[in-house]
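A.B. asks: sequence and predicted structure are below.
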Amino acid sequence: MKQIFRTLMHFLLLMTIVVPAGAQESRTQPLLGIFFSGKRHAQLETCGCTETSQGGLFNEPALYERLGGVIPTLRVDVGLWQDMQAAHLPIKAAQSQYLLRAFELLQYDAINVAMVDSQLSPAWFERLEQNHPV
């Protein structure tokens, strides 16, 4: 079930586009590509569930380059980017910080802070703001 959900999410990630109302069927190029990601739990690598997995941060730039330069893109993470144990395990907090840094390098337009993400200490968010100001 988990693999089906991930496959569906990858498909939606690749196929999500916005076309204006009233666009003719003959339109061959979308006006905007929208990429949604989320529920990463500080994972920097693919889950490893299949040998042909195309997820993970390593594969994201190629995905964006397919449309980059051709049409504008909007990159959004919907949250759950930190591991639930980040408040207690320094390695998980470090992974979360690296993931946020990757979002910055990948030029994400918006990153949601979900309830789980917001449970990190105020000091953690202050350090994040100092290191990566908005």
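C.D. replies: Cool, the structure landed.
A.B. asks: spatially central residue for the chain, please.
C.D. replies: S37 (3.5 Å; CA atoms, centre = their mean).
A.B. asks: which one is it nearest to, not counting chain neighbours?
C.D. replies: In this structure, S37 finds its nearest non-sequential neighbour in D77, 4.9 Å apart by CB to CB, 6 or more residues apart in numbering. Where you see a C-beta, it was placed from the backbone N, CA and C, and this is true even at glycine.
A.B. asks: what are the bridge partners for that neighbour, then?
C.D. replies: Note on D77: beta-bridge partners by DSSP bridges are S37, I111.
A.B. asks: so what's it up against?
C.D. replies: Contacts for D77 (CB atoms under 8 Å, 6 or more residues apart in numbering) come out as F36, S37, G38, R40, F103, Y108, A110, I111, N112.
A.B. asks: could you measure from it over to T28?
C.D. replies: Remark: distance between D77 and T28 (CB to CB, to the nearest Å) = 29 Å.
A.B. asks: ok, N59 next?
C.D. replies: Counting by CB to CB - N59 and T28 are separated by 26 Å.
A.B. asks: ok, for P72, nearest residue in space, not its chain neighbours?
C.D. replies: L32 (5.5 Å).
A.B. asks: burial check on that neighbour, number of neighbours?
C.D. replies: The number of residues packed near L32 is 14, by other CB atoms under 10 Å.
A.B. asks: can you pull the phi and psi angles for it?
C.D. replies: Dihedral pair for L32: phi -150, psi 130, per degrees, to the nearest 10.
A.B. asks: list the beta-bridge partners for it.
C.D. replies: V18.
A.B. asks: now the protein, which segments are flagged as low pLDDT?
C.D. replies: 1-27, 48, 50-54, 68-69, 132-134 (pLDDT under 70).
A.B. asks: could you pull out the strands in it for me?
C.D. replies: 17-18, 32-37, 73-77, 110-111 (DSSP state E).
A.B. asks: just checking, what packs against the last one?
C.D. replies: For strand 110-111, the helices and strands in contact under the criterion 3 or more CB pairs under 8 Å, 6 or more residues apart in numbering; DSSP states H and E are strand 73-77.
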